[in-house]
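*Asks:* Sequence first, then the predicted structure:
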Amino acid sequence: MAVYTDVSDLALRDFLADYGLGKLLAYKGIAEGVENSNYLLHVEAGFFILTLYEKRVNADDLPFFLGLMEHLSARGLVCPQPVKTREGSLFKPLAGRPAAIVTFLEGVSTRAPLVAHCAALGTALAELHRAGTDFPLERANSLSISGWPPLLMQARDRADSVEPGLAAFLAAELAALEELWPRNLPRGVIHADLFPDNVLFLGDKVSGLIDFYFACTDFLAYDLAVCLNAWCFEPDFSYNVTKGKALIDAYQRARPLTPLEIIALPILARGAALRFTLTRLVDWLNVPPGALVKPKDPREYVRRLRFHQQATSPGDLGLAF
Ligand SMILES: Nc1ncnc2c1ncn2[C@@H]1O[C@H](COP(=O)(O)OP(=O)(O)OP(=O)(O)O)[C@@H](O)[C@H]1O
Ligand SMILES: N[C@@H](CCO)C(=O)O
């Protein structure tokens, strides 16, 4: 359960006094998620999500994240809408953390995506990229290639306790990717963490995208690479090329990839696998005492990384070219 920061009902009532949402009727911590503390709020105005931003979220980035959700909602993408205080603020402190209230979205995330889910995701991802084109703010991706060496430094000494030889393997991967990483691909707003737990469905249809707290300005095709890793591997770590093809084809129907993006996709997928290996490894080795959280297993991403070392052609991912 991801609740790092406990919120007393007294503090919450005081916080809510600045919003026009009526009285607090009930609230409870939400079991899913690993990054921030989330509560489901039931107030007189209905149901909302209260998020307290934890270590990876810098308060200076909140205007980008919350402004992006407003921008995308205004363009018809279903994502949480931030609720402003009576004075017009998008966030304010609660229990020592910056905190915001956003609208609650209906739908259920899937733990075992089917081909139809992957196709629906591909369409939603391309729509997100298109809706983000005129968003005026920029935010560098702090977890792209220049952000990986500091993560490896934090984990290097204890990485081999997770899997023998892991520190050397990751150092070699980092060096290889620094050589191979593309420089000039189409850029724009990306979600950067569109895993199955961040996509809500009603049946086969996407009913909402959530958790924009890694969103940034980066290669659009990197977002597709993150999704291929998160949605198209089976529990035995084999890559399901049918799911990959469904995701890519649906994406391309709404936003065709350029030839350079097609060539770069295997490297982007390898880099995306390294990014999540490193953040998971750091979190695995540093669970805060008392936190109600189940860290995610970095070895799931080491397996993907090994796949991408071998799968060097776009066709290996399901891309017809
Ligand atoms: N706007 C929303 N509407 C409905 N449910 C939501 C909403 N925002 C969050 N949730 C619920 O809260 C859970 C955790 O939210 P979120 O994914 O934003 O947390 P996180 O800690 O940032 O997670 P992650 O580990 O994916 O980074 C979600 O899986 C979902 O069940
Ligand atoms: N989606 C991430 C966790 C949130 O950053 C992961 O599965 O490692």
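*Replies:* Okay, I see it. Numbers count the residues shown, from 1 in each chain. Ligands and ions are numbered 1, 2, ... in the order given.

*Asks:* and the stretch 201-321 of the chain, which of its residues are near ligand 2?
*Replies:* Within the stretch 201-321 of the chain, the residues that sit near ligand 2 (C-beta under 6 Å from any ligand atom) are Phe276, Thr279, Arg280, Lys296. All C-beta spots, glycine's among them, are computed from the backbone N, C-alpha and C.

*Asks:* nope, the stretch 51-200 of the chain is what I meant
*Replies:* Asp193, Phe195.

*Asks:* can you list the residues of the stretch 51-200 of the chain near ligand 1?
*Replies:* Proximity of the stretch 51-200 of the chain to ligand 1, by C-beta under 6 Å from any ligand atom, involves residues Pro80, Val102, Phe104, Leu105, Asp193, Asp197, Asn198.

*Asks:* Next one: the residue nearest to the fourth one when sequence neighbours are not counted, what pLDDT does it get?
*Replies:* Looking back up the chat, that one is Leu105. Leaving aside its sequence neighbours, Leu105 sits nearest to Gly208 (C-beta to C-beta, 6 or more residues apart in numbering; 3.6 Å). Gly208 is assigned 97 on the pLDDT scale.

*Asks:* what about Arg130, is that helix, strand or coil?
*Replies:* Secondary structure state of Arg130, per DSSP: H, G, I helix; E, B strand; the rest coil, is helix.

*Asks:* pretty sure it is touching Ala254, no?
*Replies:* Yes - proximity of Arg130 to Ala254 meets the contact threshold set by C-beta atoms under 8 Å, at 6.8 Å.

*Asks:* Give me the nearest residue to the residue of the stretch 151-300 of the chain found nearest ligand 1, chain neighbours excluded.
*Replies:* Residue nearest to ligand 1 within the stretch 151-300 of the chain: Asp211 (3.4 Å; C-beta to the nearest ligand atom). Closest residue to Asp211 apart from its sequence neighbours, by C-beta to C-beta, 6+ apart: Asn198 at 4.3 Å.

*Asks:* For Ala17, give its distance to Pro93.
*Replies:* The gap separating Ala17 from Pro93 is 14 Å, by C-beta to C-beta, to the nearest Å.

*Asks:* How far off centre is stretch 278-288?
*Replies:* Chain-centre distance of stretch 278-288: 16 Å, with C-alpha atoms, centre = their mean, to the nearest Å.

*Asks:* how close does Asp316 sit to ligand 2?
*Replies:* 23 Å (C-beta to the nearest ligand atom, to the nearest Å).

*Asks:* Ignore what I typed, I meant Pro136.
*Replies:* According to C-beta to the nearest ligand atom, Pro136 and ligand 2 sit 26 Å apart.

*Asks:* Let me know the secondary structure of that residue.
*Replies:* Three-state call for Pro136 (three-state DSSP): coil.

*Asks:* That one: neighbour count?
*Replies:* When neighbours are counted by other C-beta atoms under 10 Å, Pro136 registers 6.

*Asks:* Likewise for the one 10 residues further on?
*Replies:* Residues near Ser146, counting by other C-beta under 10 Å, number 12.

*Asks:* cool, and Gly165?
*Replies:* So Gly165, with other C-beta under 10 Å, has 9 neighbours.

*Asks:* next one: Ala320
*Replies:* Neighbour count for Ala320, taken as other C-beta under 10 Å: 10.

*Asks:* Gln309 too?
*Replies:* The number of residues packed near Gln309 is 15, by other C-beta under 10 Å.
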